[in-house]
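Peer 1: Here's a sequence, model it:
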Amino acid sequence: MVVITLQRDKCIGCNYCVELAPEQFRMSKKDGKSVLLHSKNKKGFHTLKSNNYLILDDCEKAAKACPVNIISVKNT
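Peer 2: Okay, the predicted model is just below:
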């Protein structure tokens, strides 16, 4: 299972995650911050659990590119 977590409150809106993993991330038109699609919010941590291992590579690239290190990707 792939587990992706985004600390959305700390997002600076650089758009790298959207460029590298457009299937999982979008930029909010409301506040300019990243949105992890299909995630569940729990106390500011937006988490997506997926059995689709095809998203792993792109999400890992997005996590590495994030200048504020608010994306974590785990392969369990």
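Peer 1: what's the span of stretch 66-76, first residue to last?
Peer 2: This stretch, stretch 66-76, spans 22 Å end to end (C-alpha to C-alpha, to the nearest Å).
Peer 1: Then stretch 6-14?
Peer 2: Start and end residues of stretch 6-14 are separated by 14 Å (C-alpha to C-alpha).
Peer 1: Need the contact partners of it.
Peer 2: If you take C-beta atoms under 8 Å, 6 or more residues apart in numbering as the criterion, stretch 6-14 is touched by 17, 25, 27, 32-36, 39, 41, 44-47, 66-68, 70-71. From N, CA and C alone the C-beta is placed, and that goes for glycine too.
Peer 1: same thing with stretch 68-76?
Peer 2: By C-beta under 8 Å, 6+ apart, stretch 68-76 touches 1-8, 10-12, 17, 53, 56, 59-60, 62-63.
Peer 1: before we move on, what about stretch 28-39?
Peer 2: 4-6, 8, 11, 13, 15, 17-18, 23-27, 46-48.
Peer 1: Any idea how far that stretch is from the middle of the chain?
Peer 2: Distance of stretch 28-39 from the chain centroid (C-alpha atoms, centre = their mean, to the nearest Å) equals 9 Å.
Peer 1: same thing with stretch 12-27?
Peer 2: Distance, stretch centre to chain centre, for stretch 12-27: 7 Å (C-alpha atoms, centre = their mean).
Peer 1: Enumerate the positions of that stretch that are buried.
Peer 2: Using 16 or more other C-beta atoms under 10 Å as the test for burial, stretch 12-27 gives Y16, C17, V18, L20, A21, Q24, F25, M27.
Peer 1: The second one: what secondary structure?
Peer 2: Three-state secondary structure (criterion: DSSP: H, G, I helix; E, B strand; the rest coil) places C17 in helix.
Peer 1: C-terminal to the lengthiest helix in the chain, which secondary structure element comes first?
Peer 2: The longest helix of the chain (DSSP state H) is helix 56-65. The helix or strand immediately downstream of helix 56-65 is strand 71-75, counting by DSSP states H and E.
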